[in-house]
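Participant: 3D, please:
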Amino acid sequence: MTEADLADARLGQRFGRLDLSSRLALLAVAALKINFDEFARDRIGICLAASAGSLTTDVNFWQGRNGIGGPSPTLFAYTLPSAAVGEIAIHFKLTGPNLCFVGAEKIIVPEAMDLIRRGEADGCVCVFCDVISAELAEIISLPPIATARACFLQRVRD
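Facilitator: Next up is the predicted model:
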């Protein structure tokens, strides 16, 4: 999913107020078209990695300090890298274990496999968010980007 995919996207009433990472993550998971009703939702985990954590949202929140009324209290909830995990869990009603990593995409599949191998989950939604706004790009000297990818791993049934 990219920022261009957001133009017509609607995933419930809350969708419009989410930060960019959460919206992209939700769209990426929805695009998998998984019927979660086929699973015990408390046995579905979520593993998410965010390349820059919540820095894009953090910068937006910080920039609001000089605006009328100060920084947005609504945006404050998304100043944690794990905010997208929570939004995925709420939207899809998944109550299994969840993990959030700041950094590279390569960590999420092995972690998901480990959750399944240890019997903590029967399946795991894996999501990678790579969101760097133009404002953040200037600060950290990386190119701006806004993408999210997802996959679903599940225990092989006998």
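Participant: rest of the way, CA atoms for contacts and neighbours
Facilitator: Noted.
Participant: grab the CA positions of the helix or strand bottoming out on mean pLDDT in the chain and hand them over as PDB.
Facilitator: Ranked by mean pLDDT, DSSP states H and E, the weakest helix or strand in the chain is helix 73-76, scoring a mean of 87. C-alpha atoms of helix 73-76 as PDB (Å, rounded to 0.1, in the frame of the first residue of the first chain):
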ATOM      1  CA  PRO A  73      -4.400  15.400  21.600                       C
ATOM      2  CA  THR A  74      -5.800  13.100  18.900                       C
ATOM      3  CA  LEU A  75      -2.400  12.800  17.200                       C
ATOM      4  CA  PHE A  76      -0.700  12.200  20.600                       C
END
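Participant: now do the buried residues in it.
Facilitator: Residues of helix 73-76 classed as buried by neighbour count (16 or more other C-alpha atoms under 10 Å): L75.
Participant: what does stretch 86-98 give?
Facilitator: G86, E87, I88, A89, F92, L94, T95, G96, P97, N98.
Participant: ok, stretch 148-158 next?
Facilitator: By neighbour count on 16+ other C-alpha under 10 Å, the buried set for stretch 148-158 is A148, R149, A150, F152, L153, Q154.
Participant: the strands in this structure, which residues?
Facilitator: Secondary structure of the chain (DSSP state E): strands at 44-50, 98-102, 123-132, 145-154.
Participant: who's in contact with the longest helix along the chain?
Facilitator: The helix that spans the most residues within the chain, counting by DSSP state H, is helix 20-31. Contact with helix 20-31 is made by 1-3, 6, 9, 11, 15, 54, 57, 83-85, 87-88, 125, 127-131, 146-151, as judged by C-alpha atoms under 8 Å, 6 or more residues apart in numbering.
Participant: got the contact list for the residue positioned nearest the centre of the chain?
Facilitator: Against the mean C-alpha coordinate of the chain, by C-alpha atoms, centre = their mean, the closest residue is A84 at 3.4 Å. Shown in contact with A84 (C-alpha under 8 Å, 6+ apart): S21, S22, R23, A25, L26, Y78.
Participant: among those residues, which two are most distant?
Facilitator: Distance extremes for the contacts of A84: the farthest pair is L26 and Y78 at 14.0 Å, using C-alpha to C-alpha.
Participant: now do the end-to-end distance for stretch 74-81.
Facilitator: This stretch, stretch 74-81, spans 15 Å end to end (C-alpha to C-alpha, to the nearest Å).
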